[in-house]
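>>> fold the following.
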Amino acid sequence: MNSPELDSPKSIPESPTPPRSKARWSLTQEAFDRLLGSLSVDRDEAGARYEIIRRKLVRFFECRAVEDSEDHADETINRVARRIYEGQRVDNVTGYCYGVARLVLMEVIKDRERAPIGLDEAPGVLRQKVVDATDSEPRMKCFDECLESLPPESRQLIIDYYQEERRAKIELRQQLADQLRIPVNALRIRAHRIRMSLERCISTCMQAPADV
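Coordinates of the predicted model:
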């Protein structure tokens, strides 16, 4: 759900598109209209209140170092809109949104805990983190192919993230976080997601039938 920013209270958002999330329910124009109606009978005022709530939700997830904070904020609003559309009475929409946001946050934390940590304890740079010297040549080849397939910005970030050792590593990661204007913890989460994507790609590559 990528909502346009309001330049003034007279600018009213259209029904947003669904966020990239696990939710199977798609927000419709009718459901979005009901959400706005629960904020105010005046559509201009409702649109302004909607944007304020969305910005607060984005900040809620950002303060907790959650990556894709806008997507999670939109997922929160989608769930609230669905409850209202299905007949749930919500007297305090802002407070209700925060309650749903906390549930979404718990799901994010659980997903992190379920995600495999990988080979973080192994020494060395990225290649040594994902594959080691005893791995087969096909796996090494898959590593190179999967690394090359990453978006350029993700590829550079993950390579930079695993450079250096000990104190130099800490300082480098702080510099990377400063360049991206995000907390170090958010940088760690972002690098972890890229690495998990890389490892899944390698696993898929290894399972693919060999060319005849």
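>>> show me what counts as buried in the strand or helix carrying Q156.
Here Q156 sits within helix 152-161, counting by DSSP states H and E. Neighbour counts over helix 152-161 (16 or more other CB atoms under 10 Å) mark S154, R155, L157, I158, D160, Y161 as buried. Backbone N, C-alpha and C define where each C-beta goes, glycine included.
>>> list the buried residues for the lengthiest helix in the chain?
In the chain, taking DSSP state H as the definition, the longest helix is helix 184-207. Within helix 184-207, the residues that qualify as buried are 186-195, 197-199, 201-202, 205, counting by 16+ other CB under 10 Å.
>>> of these, just say which sits nearest to C146.
Top of the list for closeness to C146, among the buried residues of helix 184-207 and by CB to CB, is C201 at 3.7 Å.
>>> can you pull the buried residues of the helix or strand that contains L172?
According to DSSP H and E, L172 maps onto helix 166-180. In terms of neighbour count (16+ other CB under 10 Å), helix 166-180 has its buried residues at L172, R173, L176, A177.
>>> pull it out as PDB, backbone CA atoms only.
What follows is helix 166-180, C-alpha atoms only, in PDB (Å, rounded to 0.1, in the frame of the first residue of the first chain):
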ATOM      1  CA  ARG A 166      37.400  -7.200  14.800                       C
ATOM      2  CA  ARG A 167      37.700  -3.400  15.700                       C
ATOM      3  CA  ALA A 168      38.000  -2.400  12.000                       C
ATOM      4  CA  LYS A 169      34.900  -4.400  11.200                       C
ATOM      5  CA  ILE A 170      32.900  -2.500  13.900                       C
ATOM      6  CA  GLU A 171      34.100   0.900  12.600                       C
ATOM      7  CA  LEU A 172      33.400  -0.100   9.000                       C
ATOM      8  CA  ARG A 173      29.800  -1.100   9.800                       C
ATOM      9  CA  GLN A 174      29.300   2.100  11.700                       C
ATOM     10  CA  GLN A 175      30.500   4.000   8.600                       C
ATOM     11  CA  LEU A 176      28.200   2.000   6.300                       C
ATOM     12  CA  ALA A 177      25.200   2.700   8.600                       C
ATOM     13  CA  ASP A 178      26.100   6.400   8.600                       C
ATOM     14  CA  GLN A 179      26.300   6.500   4.800                       C
ATOM     15  CA  LEU A 180      22.800   4.900   4.600                       C
END
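>>> what about that helix, average pLDDT?
The average of the pLDDT scores along helix 166-180 is 79.
>>> which elements pack onto it?
Packed against helix 166-180 by the contact rule (3 or more CB pairs under 8 Å, 6 or more residues apart in numbering; DSSP states H and E) you find helix 152-161, helix 184-207.
>>> this completes my enquiry, with thanks.
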